[in-house]
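Chemist: the amino acid sequence is not available; the structure is as follows:
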DNA sequence: CAAGGAGCAG
């Protein structure tokens, strides 16, 4: 009797309703602290409600409670019930950590906790994102044994699990044999066909559907647009769609943006009845990915003007725009803005900032941020190594690589590209070659064409041209034009006419002999005074209608971004400075 | 006494 009234008091506890309305990290932490003070967390009901509230909020952009925190809360529940286990599995499944979701699921079974029909949809989702593993089949067996396969949530989960693991036929069989299939079953099946590239089948099902909702349309629009690049067909569907929701607008805009068609993307964006952060992010990212970072910055400013609060995704977009532009002031401003507005800083954002600082040449800011990070990803290390390398600190880059190795950080093929490039810039031939050799044996990473390219560059720049040629000719894959290109560049620096001619011949065979190649070759001839050959090349070039391409660059001055094109005389003050500089140089 | 499956942004 006493316990019922205690539970009732708990249920009516105002802290719990506060918990439901919590929106930020600190709100949650405060409520958590109060619950601990009042010794309420020991109650299963309160503890599982706390866990649930935290997991609910973990999708929100203003909350970044770490996985460790969520798991700590879970571990503090004395005897978690089915609901708590479901909650933690759901959390991991939703935040795309399928391995952890499956780990908790297997612990749940080991502890003899009953599973129910709320358990399986998430477990199946986790299985679906790990194709190639057999868990899905086992879970299917369990579902059948428990009699859950007539639950439409569970059955639909099975359908998409099979489709995602590459067995669409089986998914289709489950779909066809399902008497009480609903709209989601249809959508799952259509999405299944789209995800394995059978868009024709998807279209057939779409046409045969009894009724459709926004999901159904979005799957096809997304399928035609991003998966196969047929924006025309996607647009037809988009225009024919009755009630468009935000997602459809996003799919369509991103379809255009993915193909670099920023004009139509922008037009649709402007026509949107309402926008959220994602809408802005798509546009910003589109401009960043297609070489118009200045426009991306502009859009970001407009976004702030419209009172839209950026989240971490839009932040990453605008930071990499600053990186591309070398716009340090703007980048620092964004960094400051994010801090001031308590927009969360995760590894991705911090890595983008490091990259930006590095590209802007601000090594100390990059280093400071890097040293302060408590969690680093492969990308973080890679960005740091590349940054040190291109800024002329090859030795430090190699040191950082060794530190990475010592700390047992995960490495990928890009880590090696980074460190090899750094060796090239610093002329550390022996070290670079040694690391290249250790790639396969010590790190179990097979060198790709790019890695051989680095090696060729490394040797070529050090003047070891014949060894470089030897690498190209003995590597296990077909040499790409970039390889011969870098050998050619090395021949220019080290004045080697023979190998230059060999390289150009190879480039010609590969169909990669653009104007740059011939300009380089004729420069080599000119330096050796071989004027006949110079004229031969010039004639060949004009016969083919080749011209030197226009050089351009973009810089930031006082927070404003300017673009310069070769031959542009609109910035007279710069010419004045250049003029005085070259006079000074001439006079010393 | 809380909860679930399908589509979108880094």
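Modeler: It's in. Since we're looking at a predicted model, the values are computed, not measured.
Chemist: do stretch A:288-303 and DNA strand B meet?
Modeler: No - shown here: stretch A:288-303 not in contact with DNA strand B (CB under 7 Å from any atom of the strand), separated by at least 7.5 Å. Any C-beta I mention is one placed from the backbone N, CA and C, and that applies to glycine too.
Chemist: name the residues that touch stretch A:415-426?
Modeler: A:378, A:381-382, A:385-386, A:388-390, A:392-395, A:397-398, A:401, A:404, A:428-429, A:431-432, A:435-436, A:439, A:443, A:445, A:447, A:450-451, A:454-455, A:457-458, A:461 (CB atoms under 8 Å, 6 or more residues apart in numbering).
Chemist: can you give me the mean pLDDT across that stretch?
Modeler: For stretch A:415-426, mean pLDDT is 93.
Chemist: how far away from the center of its chain is it?
Modeler: The chain centroid and the centroid of stretch A:415-426 are separated by 22 Å under CA atoms, centre = their mean, to the nearest Å.
Chemist: got it, and stretch A:260-267?
Modeler: 21 Å.
Chemist: okay, now the residue of the stretch 201-350 of chain A found nearest DNA strand B: neighbour count?
Modeler: Closest residue of the stretch 201-350 of chain A to DNA strand B, CB to the nearest atom of the strand: residue A:247 (2.8 Å). Other residues near residue A:247 come to 16 when the count uses other CB atoms under 10 Å.
Chemist: which element is the residue most central in space within chain A on?
Modeler: With distances taken as CA atoms, centre = their mean, residue A:348 lies nearest the centre of chain A, 8.7 Å away. Using DSSP states H and E, the element containing residue A:348 is helix A:347-359.
Chemist: tell me if that helix is near DNA strand B.
Modeler: Yes - residues of helix A:347-359 contacting DNA strand B under CB under 7 Å from any atom of the strand: A:348, A:349.
Chemist: can you give me the buried ones in that helix?
Modeler: A:348, A:349, A:350, A:351, A:352, A:353, A:354, A:355, A:356, A:357, A:358, A:359 (16 or more other CB atoms under 10 Å).
Chemist: I'd say the last one and residue A:387 touch.
Modeler: In this case it means residue A:359. Yes - applying CB atoms under 8 Å as the test, residue A:359 and residue A:387 come out as touching, 7.4 Å apart.
Chemist: run a quick neighbour tally on the nearest residue to residue A:182 once chain neighbours are set aside.
Modeler: Nearest residue to residue A:182, sequence neighbours excluded (CB to CB, 6 or more residues apart in numbering): residue A:152, at 5.4 Å. Residue A:152 sits with 16 neighbouring residues when counted by other CB under 10 Å.
Chemist: out of the buried residues of helix A:347-359, which is nearest to DNA strand B?
Modeler: residue A:348 (3.8 Å).
Chemist: contacting residues around the nearest residue to the closest one once chain neighbours are set aside?
Modeler: Leaving aside its chain neighbours, residue A:348 sits nearest to residue A:316 (5.9 Å; criterion: CB to CB, 6+ apart). By CB under 8 Å, 6+ apart, residue A:316 lies in contact with A:348, A:349, A:352.
Chemist: what helix or strand does residue A:316 sit in?
Modeler: helix A:312-325.
Chemist: buried ones in that helix, by neighbour count?
Modeler: A:312-325.
Chemist: redo these as JSON lines? Include pLDDT.
Modeler: Listed next are the buried residues of helix A:312-325 as JSON lines, based on pLDDT from 0 to 100:
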{"residue": "A:312", "pLDDT": "87"}
{"residue": "A:313", "pLDDT": "91"}
{"residue": "A:314", "pLDDT": "93"}
{"residue": "A:315", "pLDDT": "94"}
{"residue": "A:316", "pLDDT": "95"}
{"residue": "A:317", "pLDDT": "96"}
{"residue": "A:318", "pLDDT": "96"}
{"residue": "A:319", "pLDDT": "97"}
{"residue": "A:320", "pLDDT": "95"}
{"residue": "A:321", "pLDDT": "97"}
{"residue": "A:322", "pLDDT": "97"}
{"residue": "A:323", "pLDDT": "96"}
{"residue": "A:324", "pLDDT": "96"}
{"residue": "A:325", "pLDDT": "95"}
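Chemist: picking up where we left off before, and the contacts of stretch A:415-426, which of them are buried?
Modeler: If we count by 16+ other CB under 10 Å, these have these buried: A:381-382, A:385-386, A:388-390, A:393-394, A:397-398, A:401, A:404, A:428-429, A:431-432, A:435-436, A:439, A:447, A:450-451, A:454-455, A:457-458, A:461.
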